[in-house]
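Q: pasting a predicted model and its sequence here:
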Amino acid sequence: MSGHSHYATIKRQKAVNDAAKGRVFSRHSKAIAIAIKEGGSADPEMNSRLRFAIDQAKADNMPKANIDRILQRAAESGNIYEAVYEGYGPEGISIIVEVATNNKNRTAQEIKNLFEKGGGNLGGPGSVSFNFEKKGLIQIKKQPDYETQMLSLIDLGVEDVDEDDDIIEAYTDPTKLAEVKEKINEAGHQVTSFSLIMKPKVLSPMTLLDKARKALNLLNTLEEHDDVLNVFTNLDIPQEIMTQLES
């Protein structure tokens, strides 16, 4: 991936700003509520999905007191639902949006409006998901001896890696994400984040500045919606274009 910025990397680079806005904690709150509902238990020892959601919240430095309050509130409210929307952005890029909402009809209409205002359109189930596969993503601080580190990660169960300036993006079987993350930690590598993602099989390069800006504006608008948990896309922007967008 050297010289390119796919959307997982772009989101990581803006995560500090999102955290400042409180969006990260808000999303963890909803993810915990969904995990309790779908897993049928507010006890993380009995609910592996909930345990994973709590581990993610802790990794983003959410205080234990906050997590305990979220667990209490989420256990008492059962009116939150998951939904997934698929659509197209500018120049036909594929987009998957995962939400948690207490009003599916309202959220569906709002997501549809955001797509249309951003130069895209909402599609039906399966319209773009065929180009994605579920993966575990572990982001790891890059060490000076990158080649040796990469071989170590492969030995620990990582299937594939991408590299950025200071981060390695390691991909795993989604069912083994927690197990591989623990092995990586125990081996002395510094894990900065981990998540379940939809990884595109084929990327869509965006080489014109104006079109890249329009695509990112739509993706950022979707990310900022209160009900949205995750946005995945096959957008791929050359680094020289990203540099112009950031200037």
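A: Perfect, thanks for sending it.

Q: quick one: least confident helix or strand in this protein?
A: Across the helices and strands of the chain, the lowest-confidence element by mean pLDDT, DSSP states H and E is helix 15-20, at a mean of 53.

Q: I'd like the next helix or strand past that helix.
A: Proceeding N to C from helix 15-20, the next assigned helix or strand is helix 23-39, under DSSP states H and E.

Q: could I get the buried residue list for that next one?
A: Neighbour counts using 16 or more other Cβ atoms under 10 Å place 23-25, 27-37, 39 of helix 23-39 among the buried residues. C-beta here means a position set from N, CA and C on the backbone, and glycine is covered the same way.

Q: closest one to residue 84 out of the residues you listed, please.
A: Closest approach to residue 84 among the buried residues of helix 23-39 (Cβ to Cβ): residue 34, at 12.2 Å.

Q: go ahead and confirm that closest one touches residue 99.
A: No - the criterion here is Cβ atoms under 8 Å, and residue 34 misses it with residue 99 at 10.0 Å.

Q: find the residues that touch each one of the two.
A: Between them, residue 34 and residue 99 share these contacting residues under Cβ atoms under 8 Å, 6 or more residues apart in numbering: residue 82.

Q: re the thing from before, and the furthest pair within the buried residues of helix 23-39?
A: Considering Cβ to Cβ, no two members of these lie farther apart than 23 and 39, which are separated by 23.8 Å.

Q: ok, now which ones touch the residue nearest to residue 183 when sequence neighbours are not counted?
A: Of all residues beyond its chain neighbours, the one nearest residue 183 is residue 156 (4.6 Å), with distances taken as Cβ to Cβ, 6 or more residues apart in numbering. Residue 156 makes contact with 180, 183, 184, 187 under the criterion Cβ under 8 Å, 6+ apart.

Q: can you do 6 Å?
A: Each residue near residue 156 by Cβ atoms under 6 Å, 6 or more residues apart in numbering is listed here: 183, 184, 187.

Q: looking at the residues you listed, spot the one nearest residue 82.
A: residue 184 (28.3 Å).

Q: where exactly do the strands run in the chain?
A: Remark: strands assigned in the chain by DSSP state E are 4-6, 81-88, 94-101, 121-123, 132-141, 160-163, 167-172, 191-200, 204-205, 228-233, 235-238.

Q: out of those, flag the one nearest residue 215.
A: The nearest among the strands of the chain, by Cβ to Cβ, is strand 235-238 at 5.6 Å.

Q: send the alpha carbons of that closest one over as PDB?
A: Listed in PDB are the C-alpha atoms of strand 235-238, where the atom choice follows Å, rounded to 0.1, in the frame of the first residue of the first chain:
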ATOM      1  CA  LEU A 235     -11.900   3.900  -2.400                       C
ATOM      2  CA  ASP A 236      -8.100   4.100  -3.000                       C
ATOM      3  CA  ILE A 237      -6.400   7.500  -3.200                       C
ATOM      4  CA  PRO A 238      -2.800   8.000  -4.400                       C
END
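
Q: which of the residues in that strand are buried?
A: By neighbour count on 16+ other Cβ under 10 Å, the buried set for strand 235-238 is 235, 236, 237.

Q: swap in stretch 179-195?
A: Counting neighbours by 16+ other Cβ under 10 Å, one finds that the buried residues in stretch 179-195 are 180, 181, 183, 184, 189, 193, 194, 195.

Q: any idea what residue 134 is bridged to?
A: Residues in a beta bridge with residue 134, per DSSP bridges, are residue 198.

Q: so how far is residue 65 from it?
A: Applying Cβ to Cβ, to the nearest Å, one obtains 32 Å for the distance of residue 134 from residue 65.

Q: same thing with residue 239?
A: Distance from residue 239 to residue 65, counting by Cβ to Cβ: 41 Å.

Q: no further questions, thank you.
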